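Q: Need coordinates for the following:
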Amino acid sequence: MLPLGHVQSLGEALLDATYTFKSNVALLEADRRRETGRRTFAEVRAEAVQVAEWLQAGGFVAGDRCAILMQNGSRWPIGATGVFIAGGVLLPLDYKLTAPEQAALIAHGRPSVLLTEWPVWRLLRDHIAGLEHRPRVVVHDVPEGEALDAVDGLEVVRWDDLPAPVDVEGFALVERAREDVACIVYSSGTGGTPKGCMLTHDNYLCQAEALGAWYPMAEDDLVFSVLPTNHAIDFMTGFLMPALFGGRVVHQRTLRGEFLSWTMQHYGVTHIALVPRLLKMFEEKIRERIDGLPAWQRLVVDGLLAVNEAATWKRPNHALSSKLLKPLHDGFGGRLRYIFAGGAFVERDMAEFFHRIGIPVAIGYGLTEAGTVLTLNDLAPFRADTVGRPIDGVELELRDVDADGVGEVWVRGGTVMKGYLDEPELTAETIVDGWLRTGDRGRLDASGHLKLLGRAKNMIVTAGGKNVYPEDVEALIGDLPGCEELCVVATDYVWPGRGGLGAETLAAVVYLGDDGDLDTVLGELARRNRTLADYKRLAFVVVADDAFPRTASMKVKRGVLAEQVRAQGEPTDLLRALDAREAAE
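A: This is a model prediction of the structure:
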């Protein structure tokens with residue numbers, strides 16, 4: 001890893017990396033079992049300078065903002081690098097949002113430039129036209145023969161038409177200070193509405209140093225960038241960290257399961273960051289493969305899993321695990337050493353399963369307001385029941401601790417944001433004397449590991465005065481056969497003030513999916529419900545018509561889900577009493 005103590009900005013660090021590792025392959029692109037692009041660090045520098053010089057030719061100066069709105073691919077990190085070396089502030093936006101939502105964020109962030117791609121632009125352009133502040137626009141991946149329609153005087157150019165760089169080697173980095181804002185990242189944040197978190201160069205450099213100390217990479221390591229790069233996890237693990245270590249990143253255009261497997265096997269992926277839903281998909285594929293073996297082979301696999309678990313409990317040993325369980329490891333390319341997981345609760349059983357096969361899941365916890373992660377499991381030893389301990393440079397305290405040792409998580413350190421864009425009052429409420437109030441509730445164990453229970457704003461107070469966290473109940477219920485998604489809510493939250501339901505009665509909202517079976521779900525849910533503490537038990541089940549609305553990090557938008565369920569009809573028509581099912585069972 002490049003030494004970062006003397007580095008002042010991300011632009012300086014990234015430009016240094018393109019010289020230090022100039023001959024290394026930096027970026028790979030694949031689509032449907034074929035490679036579509038390959039760039040060395042030197043080639044990344046040339047194209048990033050091309051972007052930077054075009055920005056500067058249009059009057060872009062230090063501190064100006066540039067939004068980036070596109071799917072994962074080589075031009076995402078190249079564009080971001082160009083912005084940083086030109087001294088700009090990056091606004092990474094979510095390409096999965098609707099065009100009106102994207103336009104609203106652009107109106108709020110007021111970037112002078114937008115880097116985007118054709119599929120996004122053709123939906124966004126009419127919404128951009130009506131903005132008071134309209135950026136210059138660069139569009140890549142424009143189909144051959146497709147015209148870039150003029151939008152009422154708005155400057156729109158093709159990426160491929162940007163002028164060739166004048167002087168790649170002599171480009172003068174625009175210097176920035178550590179305390180300067182590097183990115184404005186939009187998040188649902190601690191209050192539930194989108195806000196622009198102002199993260200500094202120091203925030204990112206401190207985070208990179210801490211993560212590099214715990215999970216160093218080698219120059220021949222390869223990161224599979226699957227999560228959207230606008231998301232904090234992939235921004236760090238799929239962009240900054242590989243660049244600073246001289247490693248490679250592969251982007252896969254089509255994220256279907258069979259193509260993900262091909263990319264991992266073809267390139268030999270060593271690191272990947274996933275949200276729990278994607279991790280669950282991987283687990284199901286492995287279990288299906290094991291279950292399809294003859295009985296005697298399953299016994300052999302079970303024995304090898306037990307041996308590997310015992311041998312690697314204190315610390316992972318990829319060399320040993322990949323030999324003992326070679327067929328399973330070969331399914332991931334044979335080189336996968338770490339899976340980083342966060343963004344939502346990771347089921348304990350799922351994490352333990354991956355540990356048994358020798359591909360450990362490093363479970364972490366963080367939020368956009370503090371960079372990428374605040375706590376992380378260092379796997380020494382493996383712990384699936386917590387989100388790890390604070391990384392170097394992060395202080396963590398619990399405030400307003402109750403009789404059960406549960407309190408609100410407060411943190412401070414070099415990764416805490418500067419504040420919310422144009423929201424001084426909200427910033428003052430969220431950051432108090434340098435401490436960030438996360439809005440999450442949890443407890444610390446004797447070894448300093450944090451166990452999260454849920455969001456304070458989601459906490460349900462039962463009629464008996466007990467505090468229940470929906471996320472905690474969901475984790476205890478686990479994955480249900482015949483059910484694609486499950487979310488625990490209070491009935492009064494979905495149908496406020498409706499008599500007869502009981503104050504803050506718990507209900508499970510389930511989405512069955514294409515292959516779901518309601519009777520199977522109800523029966524299994526009734527069985528698992530009996531294992532819960534009385535005050536955590538569910539009274540009702542309601543079936544949602546559609547998949548759950550989610551954020552970029554795959555967290556359920558509980559407020560939007562409640563609106564959708566409410567729109568389906570009256571509670572008397574939708575709710576199924578689980579206690580009746582329990583009695584029948």
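Q: ranges for the strands of the stretch 301-450 of the chain?
A: 338-341, 361-365, 375-376, 389-390, 394-399, 407-413, 419-420, 431-432, 435-444, 450-455 (DSSP state E, counting those that start in this stretch).
Q: And the next helix or strand past the host helix or strand of Val521?
A: Assigned by DSSP states H and E, Val521 belongs to helix 518-529. Later in the chain than helix 518-529, the nearest helix or strand by DSSP H and E is strand 540-543.
Q: helices and strands around that next one, which ones?
A: Contact here means 3 or more CB pairs under 8 Å, 6 or more residues apart in numbering; DSSP states H and E; on that basis strand 540-543 packs against strand 506-511, helix 518-529, helix 571-574, strand 576-577. To be clear about C-beta, it is placed using only N, CA and C from the backbone, and glycine gets the same treatment.
Q: any idea how far stretch 469-483 is from the chain center?
A: Distance of stretch 469-483 from the chain centroid (CA atoms, centre = their mean, to the nearest Å) equals 20 Å.
Q: swap in stretch 450-465?
A: Distance, centroid of stretch 450-465 to centroid of chain: 23 Å (CA atoms, centre = their mean).
Q: List of residues touching it?
A: 192, 345, 365, 375, 385-390, 396, 406, 408-409, 439-445, 467-472, 490, 493, 502-506, 535, 558 (CB atoms under 8 Å, 6 or more residues apart in numbering).
Q: Drop anything exposed from the residues you listed.
A: Among those, those classed as buried by neighbour count (16 or more other CB atoms under 10 Å) are 345, 365, 375, 386-390, 396, 406, 408-409, 439-444, 467-472, 490, 493, 504-506, 558.
Q: all strands for the stretch 51-200 of the chain, in order.
A: Secondary structure of the stretch 51-200 of the chain (DSSP E, counting those that start in this stretch): strands at 65-69, 89-92, 113-117, 136-140, 156-158, 181-187, 195-200.
Q: Partner strands of the first one and their direction?
A: Applying DSSP bridges, strand 65-69 is found paired with strand 89-92 (parallel), strand 113-117 (parallel).
Q: Could you list the low-confidence segments of the stretch 351-500 of the chain?
A: For the stretch 351-500 of the chain, applying pLDDT under 70 flags the ranges 462-465, 497-500.
Q: Now with 80, please.
A: 454-467, 497-500 (pLDDT under 80).
Q: Now do the helices in it.
A: With helices called from DSSP state H, counting those that start in this stretch, the stretch 351-500 of the chain shows them at 424-430, 470-477, 491-494.
Q: With distance to Gly145 added, can I get these in JSON lines?
A: Formatted as JSON lines, these follow (distance: least, CB to CB, whole Å):
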{"stretch": "helix 424-430", "distance to Gly145": "48"}
{"stretch": "helix 470-477", "distance to Gly145": "50"}
{"stretch": "helix 491-494", "distance to Gly145": "50"}
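Q: With respect to Arg298, which of those helices lies nearest?
A: Proximity to Arg298 (CB to CB) singles out helix 470-477 among the helices of the stretch 351-500 of the chain, at 27.0 Å.
Q: Domain parsing of the chain, as residue ranges.
A: 11-176, 270-456, 459-584 (automatic domain parsing).
Q: is it possible to export these to CSV including distance to Phe235?
A: Formatted as CSV, the domains of the chain follow (distance: least, CB to CB, whole Å):
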stretch, distance to Phe235
domain 11-176, 7
domain 270-456, 7
domain 459-584, 11
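Q: closest one to Pro3 among these?
A: With CB to CB, the closest approach to Pro3 among the domains of the chain belongs to domain 11-176: 9.4 Å.
Q: ok, back up a step: closest to Arg356 out of the strands of the stretch 51-200 of the chain?
A: Per CB to CB, nearest to Arg356 of the strands of the stretch 51-200 of the chain: strand 181-187, 34.4 Å.
Q: Next one: Phe235 from Glu408, what distance?
A: Going from Phe235 to Glu408 by CB to CB, to the nearest Å gives 26 Å.
Q: how deep is Val509 tucked in, by neighbour count?
A: Counted with other CB atoms under 10 Å, the neighbours of Val509 add up to 23.
Q: what's it in contact with, if anything?
A: Taking CB under 8 Å, 6+ apart, we find Val509 in contact with 486-489, 494, 541-544, 548, 561, 565.
Q: on that earlier part again, in JSON lines: the strands of the stretch 301-450 of the chain, plus distance to Thr520.
A: Formatted as JSON lines, these follow (distance: least, CB to CB, whole Å):
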{"stretch": "strand 338-341", "distance to Thr520": "27"}
{"stretch": "strand 361-365", "distance to Thr520": "28"}
{"stretch": "strand 375-376", "distance to Thr520": "36"}
{"stretch": "strand 389-390", "distance to Thr520": "39"}
{"stretch": "strand 394-399", "distance to Thr520": "40"}
{"stretch": "strand 407-413", "distance to Thr520": "37"}
{"stretch": "strand 419-420", "distance to Thr520": "45"}
{"stretch": "strand 431-432", "distance to Thr520": "47"}
{"stretch": "strand 435-444", "distance to Thr520": "33"}
{"stretch": "strand 450-455", "distance to Thr520": "27"}
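Q: between those, which one is nearest to Glu29?
A: That would be strand 338-341 among the strands of the stretch 301-450 of the chain, by CB to CB, at 21.6 Å.
Q: got a list of contacts for the closest one?
A: Contacts of strand 338-341 (CB under 8 Å, 6+ apart): 215, 233, 237, 270-276, 279, 316, 351, 354, 359-364.
Q: Now that strand: buried residues?
A: Residues of strand 338-341 classed as buried: 338-341 (neighbour count, 16+ other CB under 10 Å).
Q: Ok, stretch 329-336 next?
A: Here stretch 329-336 shows 329, 331-336 as buried, counting by 16+ other CB under 10 Å.
Q: Could I get the average pLDDT for it?
A: The pLDDT scores in stretch 329-336 average 94.
Q: Centre of the chain to that stretch, how far?
A: The chain centre lies 23 Å from the centre of stretch 329-336; the measure is CA atoms, centre = their mean.
Q: Same question for stretch 436-447.
A: On the basis of CA atoms, centre = their mean, stretch 436-447 sits 20 Å off its chain's mean C-alpha point.
Q: Kindly report the same for stretch 161-178.
A: Distance, centroid of stretch 161-178 to centroid of chain: 31 Å (CA atoms, centre = their mean).
Q: measure that stretch end to end?
A: Using CA to CA, to the nearest Å, one end of stretch 161-178 lies 34 Å from the other.
Q: And stretch 479-496, by the same measure?
A: 28 Å.
Q: One more: stretch 400-411?
A: 14 Å.
Q: what do you get for stretch 322-330?
A: Chord length of stretch 322-330, first to last residue, is 8 Å (CA to CA).
Q: residues of that stretch that come out buried?
A: 322, 324-325, 328-329.
Q: Next: stretch 241-257.
A: Buried positions in stretch 241-257, judged by neighbour count with 16+ other CB under 10 Å: 241-252.
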